[in-house]
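A.B. asks: Whatever this is, show me its structure:
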Amino acid sequence: EVQLVESGGGLVQVGGSLRLSCAASGFSFDDYIIAWFRQAPGKEREGVSCIRSNDGRTSYGDSVKGRFTIRRDNTKNTVDLQMNNLTPEDTAVYSCYAQAQGLDYWGQGTQVTVST
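C.D. replies: Reported below is the predicted structural model:
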């Protein structure tokens, strides 16, 4: 069974940090691009960051560049998203996504709330 399980969400104050983790199982993790998306209430889903497996190349959405860092550990089948200097605009449900060769999978998501 394919699973992507996110953890690490929660409530944090403005300027604080959180680390999200995505644990994958049931598929060849090494072959997949892993990404984080987020969706805030009333807004469209937004790509936050992604990381390739073969070369570890990363990309970030403009709104998170310089504040968020994505890393993957292919030995543990995990991808972490370190989020620093959080703002209320970062409040959203964050979901992990895996894609390769025409197949894709989504996690259930984890809530991140940034309070003033």
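A.B. asks: confidence score at the residue nearest the centre of the chain?
C.D. replies: Note on the chain: the residue nearest the mean C-alpha position is Trp36, at 2.9 Å, using C-alpha atoms, centre = their mean. In this model, Trp36 is scored at 98, pLDDT.
A.B. asks: That one contacts Cys96, correct?
C.D. replies: Yes: with contacts counted by C-beta atoms under 8 Å, Trp36 reaches Cys96, the gap being 6.2 Å. (Glycine included, C-beta is placed from N, CA and C.)
A.B. asks: With the flanking residues excluded, which residue is spatially nearest to the residue nearest to the centre of the chain?
C.D. replies: Distances taken as C-beta to C-beta, 6 or more residues apart in numbering put Val48 closest to Trp36, at 4.3 Å, once the chain neighbours are dropped.
A.B. asks: any idea how far Ile33 is from that neighbour?
C.D. replies: Applying C-beta to C-beta, to the nearest Å, the value for Val48 to Ile33 is 13 Å.
A.B. asks: Run a quick neighbour tally on Asp30.
C.D. replies: By other C-beta atoms under 10 Å, 12 other residues sit near Asp30.
A.B. asks: Would you verify that it is located in a helix?
C.D. replies: Yes: per DSSP: H, G, I helix; E, B strand; the rest coil, Asp30 lies within a helix segment.
A.B. asks: so what's it up against?
C.D. replies: Taking C-beta atoms under 8 Å, 6 or more residues apart in numbering, we find Asp30 in contact with 53, 74.
A.B. asks: what do you get for Ala35?
C.D. replies: So Ala35 contacts 47-51, 96-99 (C-beta under 8 Å, 6+ apart).
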